[in-house]
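> fold the following, please.
(2 chains)
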Amino acid sequence: MAGIEEYREQRIKKMEQLKEKGINPYPYKFDVTHTSSEIFENQEKLIADKSEVSVAGRIMLMRRQGKTTFIKIKDRKGLIQLYITINLLGDEYENVKLLDIGDIIGVKGEVFVTHRGETTIAVKKLEMLAKSLLPLPEKYHGIQDIELKYRKRYLDLIMNDDTKDTFLKRRDIIRFIRNYLDDRDFVEVETPVLQPRYGGAFAKPFLTHHNTLDMDLYLRISDELYLKRLVVGGLERVYEIARDFRNEGIDKTHNPEFTMIEIYQAYADYYDMMDLVQNLIQTMAKKLFGKEKIEYNGQEIDLAGDWERIDYYDAIKKFADIDVKEMNDAELTEFCKNHEIDIEGKVGRGKIIDEIFSEMVEKNIINPTFVINQPVEISPLAKIHREDNKKVERFELLILGTEYANAFSELNDPIDQRRRFEYQMKLRQEGEMEVQEIDEDYIEAMEYGMPPTGGIGIGIDRLVMLLTNRETIKDVILFPLLKSK
RNA sequence: GCGCUGAUAGCUCAACUAGGCAGAGCAACGGAUUCUUAAUCCGUAGGUUGAGGGUUCGAUUCCCUCUCAGCGCACCA
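The predicted model follows:
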């Protein structure tokens, strides 16, 4: 008897036995006075006062020794040991036989320290709070199977404290960002996930349909164009922590749904956005982790000081050893061919240059670096550079070869905006799939007057990965997308 | 989408390049045990070896197809 069905049957039998004794195996409420960590923090006083405490949690370990049983339960703060003896429980000690690892129980008792020095609760009253019918993974090794961790995240969270810590840090990071922006008078807003036209980024969308309106809708790939409408509306400083959806491949840094914060500040430019993101990440690292040097995957990254700024074209010059500004389209294509850079399906000079950038530059940039002044062709929503009309005022924040943020001095000239969208449509006609569609309603909003604005988008999942030293995005998303089995 | 690797009891893992009755620990069940620490001791049970097909007297093992996952590539402001 130990197949999974037999486990269930045995436990259901125990549940029935509880019911026969008039005990509800799934009661409604239990009054908790302390978490496990509160017991440890206050143990001297609790012991001196002989206070009665009540704690609740899931049974993780159980050592039965006849008339004495030691149990470790886990609550949201950690493990605490229970000492259960017939001397204190009397007839109810019998019920200990009906307990299983995995059950959720509540106990009342006094705190003491065992001979071996472990803080423990001497249980006077024990209550079943939820009978568990299925066995937990093995107590020592926990879950090793990666697929199981993702498919049954609840088991991963029960068994693996590292997993729980990562998601608590994720919470801390998001909370820090929220507080940071709220303190600076930014307004948190919510904009549509279902959008009649998608925009604000280059990506393939998910398509859905509204039945009663008989209308096709896209899940947003970005909330940029809505947030900037709000800047037109006079909110001036807005942000949204947004779930975005992109119908693309899945790998260590991409999940089809992911979280991005976009921030817009009126009367600011991209230099202000550099200051904002640099200060945000530095103060966050200090506050949450107590340091500005972090280790990621064996490499040390120093977040302190002013981050390097390198011009996009200079970066290509430095790492690819060519001056793309001086090269014509044929020379660029030839260069790609010679360096095995695949530009199949890419249309337009900007896309080809950007391909060279991704292939030859990106992975070489390790320390936090602002790559600034991208080509105008690949940046339809950014303002022309104040000193060079081939470039825009834009930056991408790269760390360890990965992009963490993207920001512009936002384009607020409606005439130029229309021209940029039209260029995108021209690229589409020439066969480029990934373009930004013209959004008349957005241009109209801009025609009423949009203040000069700095805007930035920061990939929250990647930032969490960086700060919690996680190698894959699946480890920082509670329920990453997997194929159904 | 392509390539490589993996899938054995609820969990963690064995069973080696001869192919020869599928095994252990934890968990479970019965028993002993009133301060244990991954408790210990005695005993018991637990498997369609991811799915399907093939080769063979005989397949967890060799071959083929499929499913799922990991890694790499491709894709990916």
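> for stretch A:371-390, the distance to its chain's centre please.
Its chain's C-alpha centre lies 30 Å from the corresponding centre of stretch A:371-390 when counted by Cα atoms, centre = their mean, to the nearest Å.
> what residues does the stretch 351-485 of chain A put near RNA strand B?
A:354, A:358, A:378, A:396, A:403, A:406, A:434, A:457, A:459, A:471-472, A:474, A:482-485 (Cβ under 7 Å from any atom of the strand). (Glycine included, C-beta is placed from N, CA and C.)
> farthest pair in those?
A:I378 and A:K485 (39.6 Å; Cβ to Cβ).
> out of the two, which sits in the more crowded spot?
A:I378 (19 against 5; other Cβ atoms under 10 Å).
> helix or strand for the nearest residue to that one once chain neighbours are set aside, which one?
Of all residues not flanking A:I378 in the chain, A:G350 sits nearest, at 4.1 Å (Cβ to Cβ, 6 or more residues apart in numbering). If you go by DSSP states H and E, A:G350 is part of helix A:349-360.
> and that helix, average pLDDT?
Per-region confidence: helix A:349-360 scores 89 on mean pLDDT.
> who does it touch, helix- and strand-wise?
Secondary-structure packing of helix A:349-360 (3 or more Cβ pairs under 8 Å, 6 or more residues apart in numbering; DSSP states H and E): helix A:312-320, helix A:329-338.
> does any part of the last one sit near RNA strand B?
Same thing as helix A:329-338. No - Helix A:329-338 stays clear of RNA strand B (Cβ under 7 Å from any atom of the strand), getting no nearer than 10.8 Å.
> buried ones in that helix?
Counting neighbours by 16 or more other Cβ atoms under 10 Å, one finds that the buried residues in helix A:329-338 are A:L332, A:T333, A:F335, A:C336.
> remind me which residues of the stretch 1-150 of chain A are low pLDDT?
Applying pLDDT under 70 to the stretch 1-150 of chain A flags residues A:1-2.
> neighbouring contacts of the host helix or strand of A:Y218?
Using DSSP H and E, A:Y218 sits within strand A:215-219. Applying Cβ atoms under 8 Å, 6 or more residues apart in numbering, the external contacts of strand A:215-219 come out as A:193-198, A:205-210, A:245.
> out of those, who's the most crowded?
Going by other Cβ under 10 Å, A:Y198 tops the contacts of strand A:215-219 with 24 neighbours.
> so what's that one up against?
A:Y198 touches A:P205, A:Y218, A:R220, A:I221, A:S222, A:E437, counting by Cβ under 8 Å, 6+ apart.
> tally of neighbours for the residue nearest to A:I378?
Neighbours around A:G350, by other Cβ under 10 Å: 19.
> wait, it sits on A:E377?
Yes - A:G350 is in contact with A:E377 according to Cβ atoms under 8 Å; the separation is 2.5 Å.
> for chain A, what's the longest helix?
Identified as the longest helix of chain A according to DSSP state H is helix A:161-183.
> which element follows that one toward the C-terminus?
Following helix A:161-183 toward the C-terminus (DSSP H and E): strand A:187-188.
> please name the bridge partners of the nearest residue in space to A:F40 that is not next to it in sequence.
Nearest non-adjacent residue to A:F40, counting by Cβ to Cβ, 6+ apart: A:T119, 5.9 Å away. Beta bridges link A:T119 to A:V113 when assigned by DSSP bridges.
> how long is stretch A:386-400 end to end?
30 Å (Cα to Cα, to the nearest Å).
> so which residues make contact with stretch A:5-17?
A:M1, A:P25, A:L98, A:D100, A:K131, A:S132, A:L133, A:L134, A:P135.
> farthest pair in the residues you listed?
Top of the distance list for the contacts of stretch A:5-17 (Cβ to Cβ): A:M1 and A:P25, 21.2 Å.
> pick out whichever of these two has more residues nearby.
A:P25 (20 against 7).
> mind listing what the closest residue to the more buried one other than its chain neighbours touches?
Among residues not flanking A:P25 along the chain, A:K131 sits closest, at 4.0 Å (Cβ to Cβ, 6+ apart). Each residue near A:K131 by Cβ under 8 Å, 6+ apart is listed here: A:R11, A:K14, A:M15, A:L18, A:P25, A:Y26, A:D100, A:D103.
> who wins for most neighbours among the residues you listed?
Greatest neighbour count in the contacts of A:K131, by other Cβ under 10 Å, goes to A:D103: 23 neighbours.
> quick one: it and A:A56 touch, right?
No - checked against Cβ under 8 Å, the pair A:D103 and A:A56 is beyond contact range at 11.1 Å.
> give me the common contacts of the two.
With Cβ under 8 Å, 6+ apart as the test, A:D103 and A:A56 both reach A:L129.
> which parts of the helix or strand where A:V123 lies are buried?
In the assignment (DSSP H and E), A:V123 maps to strand A:119-130. Judged by neighbour count using 16+ other Cβ under 10 Å, the buried positions of strand A:119-130 are A:T119, A:T120, A:I121, A:A122, A:V123, A:K124, A:L126, A:E127, A:M128, A:L129.
> nearest residue to A:L397 in space, please, no chain neighbours.
A:A405 is the one closest to A:L397 (Cβ to Cβ, 6+ apart), at 4.0 Å.
> which of the three states applies to that neighbour?
Assigned by DSSP: H, G, I helix; E, B strand; the rest coil, the conformation of A:A405 is strand.
> test my guess that it contacts A:G455.
No - judged on Cβ under 8 Å, A:A405 makes no contact with A:G455 at a distance of 10.7 Å.
> of those two, who's got more company?
More crowded of A:A405 and A:G455, by other Cβ under 10 Å: A:G455, with 29 against 26.
> wait, what's in contact with the more buried one?
Counting by Cβ under 8 Å, 6+ apart, A:G455 has contacts A:E224, A:L227, A:K228, A:E262, A:I263, A:Y264, A:Q265, A:M273, A:A407, A:F408, A:E410.
> mean confidence score for the strand or helix carrying it?
Using DSSP H and E, A:G455 sits within strand A:453-459. The pLDDT scores in strand A:453-459 average 97.
> circling back: quick one, what contacts the residue nearest to A:L397?
Counted by Cβ under 8 Å, 6+ apart, A:A405 has contacts A:V277, A:F395, A:E396, A:L397, A:I456, A:G457, A:I458, A:G459.
> what pairs with the last one across the strands?
For A:G459, the beta-bridge assignment (DSSP bridges) gives partners A:M260.
> what about it, how many residues close to it?
That count, for A:G459 with other Cβ under 10 Å as the rule, works out to 22.
> where's it relative to A:R178, distance?
Distance of A:G459 to A:R178, computed by Cβ to Cβ, to the nearest Å: 16 Å.
> what about the strands in the stretch 201-350 of chain A?
A:207-210, A:215-219, A:237-245, A:257-266, A:293-296, A:299-302, A:308-311 (DSSP state E, counting those that start in this stretch).
> closest one to RNA strand B among those?
strand A:257-266 (5.9 Å; Cβ to the nearest atom of the strand).
> right, is the closest one up against RNA strand B?
Yes - contact between strand A:257-266 and RNA strand B, assessed by Cβ under 7 Å from any atom of the strand, occurs at A:M260.
> now that strand: buried residues?
Neighbour-count burial for strand A:257-266, counted by 16+ other Cβ under 10 Å, picks out A:F258, A:T259, A:M260, A:I261, A:E262, A:I263, A:Y264, A:Q265, A:A266.
> got it, and stretch A:221-238?
A:221-232, A:236-238.
> what do you get for stretch A:290-310?
Buried-residue list, stretch A:290-310, by 16+ other Cβ under 10 Å: A:E292, A:I294, A:Y296, A:I301, A:L303, A:W307, A:I310.
> repeat for stretch A:319-329
For stretch A:319-329, by 16+ other Cβ under 10 Å, it's A:F319, A:A320, A:I322, A:V324, A:M327.
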